[in-house]
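Trainee: Coordinates only, no sequence provided:
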């Protein structure tokens, strides 16, 4: 493997639906060469695994139980483990698909589902499995028939899936951004880190941008993210560095500058202190 590929969904083609639902096993058989090696997407994924297995997300192989639902954020690195059954369904969608009928709607789901806080998947309760299957079958039949207003019907049914996943995540964490505004701030802090990856910002800068102070931000991070703001920023930079190092075409110097380091040598020391290996050593290991 020479680099980690990045895939798009109907890029620059507004005529497309910007949504897909696939039988995961069939999709994997068709795309075995690409889907079973680390890769990333410019779109979101929800993967419903019907059987027990394993899945790789951001340099970690995760064991999961039957009827587990993974939510893969844009630009996360993942792959299907070929030794798992991988039976289930795979949903692909872009911001355009969600926002076309509800401007800014994806902002909600990026906070409640794709926030990269806590577990990377949830276990679906028995009471919801049949419901999930029925909604998925409705979506498949609409896409197959392509009758009048099928796009709106697909959107409507998939919104139901997103709201279901959102509810299950809220129950699993016992947190709801509407009733726990500080949880939303924790999610917004995570988003802001990735927006500011190319800059060197103080904790004060983050707190000010979020409309709070350093003391409150630190308390919120310890409560909802189980860590200090400084360490969360460090771990986020290291994760993005790992993702970028997974592309052989990107030099260590380019990565250092893109992550806000003026001195590539300092970035190398920073990376080694946080991971135990130099950027070059890590790159040789994953490529």
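Mentor: Nice, thanks for sending it over. If you're wondering where the values come from, they're calculated on a predicted model, not measured in any experiment. Numbers count the residues shown, from 1 in each chain.

Trainee: where does residue 169 fall, helix, sheet strand or coil?
Mentor: For residue 169, the secondary structure call by DSSP: H, G, I helix; E, B strand; the rest coil comes out as helix.

Trainee: Please name the residues that touch residue 42.
Mentor: Applying Cβ atoms under 8 Å, 6 or more residues apart in numbering to residue 42 gives the contacts 6, 7, 8, 9, 11, 74, 75, 94. For the C-beta atoms, the positions are set from N, CA and C on the backbone; glycine is no exception.

Trainee: before we move on, what about residue 41?
Mentor: 6, 7, 8, 9, 72, 74, 75, 76, 92.

Trainee: ok, back up a step: rebuild the contacts of residue 42 as TSV, extending it with secondary structure.
Mentor: Below are the contacts of residue 42 laid out as TSV (three-state DSSP):
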residue	secondary structure
6	strand
7	strand
8	coil
9	coil
11	coil
74	coil
75	coil
94	coil
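
Trainee: Now render these as a markdown table, adding distance to residue 82.
Mentor: Converted to a markdown table, these look like this (distance: Cβ to Cβ, whole Å):
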| residue | distance to residue 82 |
| --- | --- |
| 6 | 21 |
| 7 | 18 |
| 8 | 24 |
| 9 | 23 |
| 11 | 27 |
| 74 | 24 |
| 75 | 23 |
| 94 | 27 |
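
Trainee: By neighbours, which of those residues wins?
Mentor: residue 94 (22 neighbours; other Cβ atoms under 10 Å).

Trainee: That residue reaches residue 43, doesn't it?
Mentor: Yes. Residue 94 lies in contact with residue 43 (Cβ atoms under 8 Å); the separation is 4.8 Å.

Trainee: shared neighbours, the two?
Mentor: Shared contacts of residue 94 and residue 43 (Cβ under 8 Å, 6+ apart): 9, 18.

Trainee: Which residues does stretch 51-60 contact?
Mentor: Here stretch 51-60 makes contact (Cβ under 8 Å, 6+ apart) with 38, 47, 49, 61-66, 70, 72, 76-81, 83-88, 120-121, 239, 242-243, 286.

Trainee: Buried members of the residues you listed into PyMOL, please.
Mentor: Listed next is the PyMOL selection for buried residues among the contacts of stretch 51-60, using 16 or more other Cβ atoms under 10 Å:
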select buried, resi 38+47+49+62+64+70+72+76+77+78+79+80+84+86+87+88+120+121+239+242+243
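
Trainee: from the contacts of stretch 51-60, which ones fall inside strands?
Mentor: 47, 49, 61-64, 70, 72, 77-80, 88, 121 (DSSP state E).

Trainee: Most widely separated two among those residues?
Mentor: Checked with Cβ to Cβ, the ones in strands among the contacts of stretch 51-60 reach their widest spread between 77 and 88, with 20.1 Å between them.

Trainee: who are the neighbours in contact with the most centrally placed residue in the chain?
Mentor: Centroid-nearest residue in the chain: residue 73, 1.7 Å away (criterion: Cα atoms, centre = their mean). Contact analysis of residue 73 by Cβ under 8 Å, 6+ apart lists 44, 110, 114, 116.
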